[in-house]
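>>> what's the 3D shape of this:
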Amino acid sequence: IHEFADSQFGHLFARGEDREEARKTLVLALSNLEVVGEIRTPIEYLVELLRTEAFCRNSIDTSWLDGMIRERTVKVKYEKLDVVFYAAVLRAVRRFEA
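Numbering: from 1, shown residues only. Below you'll find the predicted structure:
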């Protein structure tokens, strides 16, 4: 997938005997999904949203996600050494381009 691709390049559905089983199936599927190409994905963020207590209890409404984004309640966790590595690469690329 190239960087100018539509952000909705695919859809993923999950099912189960009940909502909780379908939710767990969706978390498992997203956790194992691999997208190759020049595109960032919100996969880790979606998994964290699916694991929130409110989503598990199904006590969400149409304003739930807006509130989560506004309050920055869900955060994707990064390994410290990965962040250091990518920061170093970014600095090197910027210096090279200058």
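>>> can you give me the helices for the chain?
Here the chain has its helices, by DSSP state H, at 19-31, 43-50, 53-57, 64-71, 80-97.
>>> quick check: buried residues in stretch 87-98?
Buried residues in stretch 87-98, defined by neighbour count with 16 or more other CB atoms under 10 Å: none. Quick note: C-beta positions are derived from backbone N, CA and C, even for glycine.
>>> quick one: mean pLDDT for that stretch?
What stretch 87-98 shows for mean pLDDT is 88.
>>> and for stretch 36-43?
pLDDT averaged over stretch 36-43 gives 75.
>>> what are the buried residues along that stretch?
Result for stretch 36-43 [16+ other CB under 10 Å]: buried residues Ile43.
>>> rewinding a little: for Leu12, which of the helices of the chain is the nearest?
With CB to CB as the criterion, Leu12 lies closest to helix 19-31 of these, at 5.9 Å.
>>> quick one: the closest one to chain centroid distance?
The chain centroid and the centroid of helix 19-31 are separated by 14 Å under CA atoms, centre = their mean, to the nearest Å.
>>> buried stuff in it?
23, 26-27, 30.
>>> counting contacts, what elements does it pack onto?
Applying 3 or more CB pairs under 8 Å, 6 or more residues apart in numbering; DSSP states H and E, one finds that helix 19-31 makes contact with helix 43-50, helix 53-57.
>>> deepest of those helices, which one?
helix 43-50 (a mean of 17; mean count of other CB atoms under 10 Å).
>>> for that helix, which outside residues touch it?
23, 26-27, 30-31, 33, 35, 55, 65, 68, 74-77 (CB atoms under 8 Å, 6 or more residues apart in numbering).
>>> got it, and stretch 12-19?
Taking CB under 8 Å, 6+ apart as the rule, stretch 12-19 contacts 22-26, 29-30, 33, 58.
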